[in-house]
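Undergrad: sequence first, then the predicted structure:
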Amino acid sequence: MTTQFVNKRAIDTEELFQIINNSDGIYESTLLKILQCNRISLESRLKTLEKNKMITKQKLGKYFFYTNHFDSKNLSLLDRQTNVVQKLVAYSIFTENIHIVTNCDHQKELYLSCYSSGKDTFQTNEHLKLQANKLVNQLPQQSEEYNFFVECIKNVLTKFPIRVSCLRNKLDINYHTHSLDMIDILVVPNIEYLPLIELKLDSFSYRNSEKNSQYIRDDILIYVENLGKLIFYEMEQNRQYGVHVISSLMDFYYYVAKFSKSKTSLYFTSNKQEFNYAHRLYTRSQQNKEKFNTVQLKKSKQKAQS
């Protein structure tokens, strides 16, 4: 990731503590990326939690934090998963709530309560408006996929849960799908993992995901770290899988509308107040920047005195 989206989202101290508590060890730099927050504000909150003996600070190359238990393998895994958050924000997919959980295979995962505003994006970004019109015309008119895509771009707020997991070793791909209840993103180091994942893909049309211990859903999103790209598979006419890149919010909507098996997890509304509530931490961050912008305050004071 060349550009980091930070100083965009205010800090919820309870959310910050729960992330550290559930992480079993997380870098300060990872916290900055996952929370998309102000570095100075983060350091202040961390100092307060440490002073109150709620968290412990140590250094292993760089500073990290934990509560009762520390496992060094989580440091890099969580940092890699956090790059997905940064990629989503680049597409105007924001995070209302962020959680770290331990799955049934004892691996750390990110659970993200995400949201976007297709209507605002469609109305304010001419390039994405043209792309949306092009993509919707690729779907059969009045089909379920067509109508779903239209819902995404006509509503003020679209909410959806995302689960982020990580592969460490291509020689032992033990990742498998255990639920279709939310959109899944799997982080891999490079494209060498893609053929190995492809061998394990399954549509789950006749397979119970809860009892599955081997296969991976074929609508999985893959974040390829060395490319910084988010991709998905599509079964082509020759029964081979092709790979497509998601490069924008409209690409993401198209993927969900046409391919995702987690459509029922999405929530739509045109209620602006609901969007404002979901966006509250980003709004508060902007208000804080305006309030504490000393350069602008000084200019305003000089202008008033002139």
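TA: Arrived safely, thanks for sending.
Undergrad: pLDDT below threshold where in this protein?
TA: Within the chain, the segments meeting pLDDT under 70 span 1-2, 294-306.
Undergrad: now the helices for it?
TA: For the chain, the helices defined by DSSP state H cover 13-23, 28-35, 39-51, 73-90, 118-124, 126-136, 144-154, 194-198, 249-259, 272-278, 280-291, 294-305.
Undergrad: against which helices or strands is the longest one packed?
TA: Read it as helix 73-90. Secondary-structure packing of helix 73-90 (3 or more CB pairs under 8 Å, 6 or more residues apart in numbering; DSSP states H and E): strand 26-27, helix 28-35, strand 94-102, strand 108-116, strand 157-166, strand 183-188, strand 221-224. Glycine gets a C-beta too; all of them are placed from N, C-alpha and C.
Undergrad: which strands and helices lie in contact with the third one?
TA: Strand 94-102 is packed against helix 13-23, helix 73-90, strand 108-116, with contacts defined by 3+ CB pairs under 8 Å, 6+ apart.
Undergrad: these: which one's closest to Val6?
TA: Proximity to Val6 (CB to CB) singles out helix 73-90 among those, at 8.9 Å.
Undergrad: the closest one vs helix 28-35, what angle?
TA: 30 degrees (axes from the mean of the first three to the mean of the last three CA atoms, to 10 degrees).
Undergrad: what residues of helix 73-90 count as buried?
TA: 74-75, 77-90 (16 or more other CB atoms under 10 Å).
Undergrad: identify, from those, the entry nearest to Leu42.
TA: Thr82 (13.5 Å).
Undergrad: from Tyr111, how far out is the spatially most central residue of the chain?
TA: What sits nearest the mean C-alpha location of the chain, by CA atoms, centre = their mean, is Val85, with 3.7 Å. Distance of Val85 to Tyr111, given as CB to CB, to the nearest Å: 12 Å.
Undergrad: which neighbours do these two share?
TA: Taking CB atoms under 8 Å, 6 or more residues apart in numbering as the criterion, Val85 and Tyr111 both touch Ile98.
Undergrad: quick check: closest non-adjacent residue to Pro161.
TA: Spatial nearest neighbour of Pro161, excluding adjacent residues (CB to CB, 6 or more residues apart in numbering): Met182 at 3.9 Å.
Undergrad: ok, that neighbour - how many residues close by?
TA: Using other CB atoms under 10 Å, Met182 is surrounded by 19 other residues.
Undergrad: try the one 5 residues further on
TA: If you count neighbours by other CB under 10 Å, Val187 ends up with 22.
Undergrad: kindly report the same for Leu32.
TA: If we define neighbours as other CB under 10 Å, then Leu32 has 18 of them.
Undergrad: distance-wise, check it relative to Asn83.
TA: In terms of CB to CB, Leu32 sits 12 Å off from Asn83.
Undergrad: cool, Asn52 as well?
TA: On the measure of CB to CB, Asn52 and Asn83 end up 31 Å apart.
Undergrad: same thing with Lys258?
TA: Using CB to CB, we find Lys258 at a distance of 25 Å from Asn83.
Undergrad: cool, and Ser23?
TA: Taken as CB to CB, the span from Ser23 to Asn83 is 16 Å.
Undergrad: equivalent analysis for Lys47, please.
TA: Using CB to CB, one gets 26 Å for the distance from Lys47 to Asn83.
Undergrad: you'd agree Pro161 is up against Leu110?
TA: No. The criterion here is CB atoms under 8 Å, and Pro161 misses it with Leu110 at 10.7 Å.
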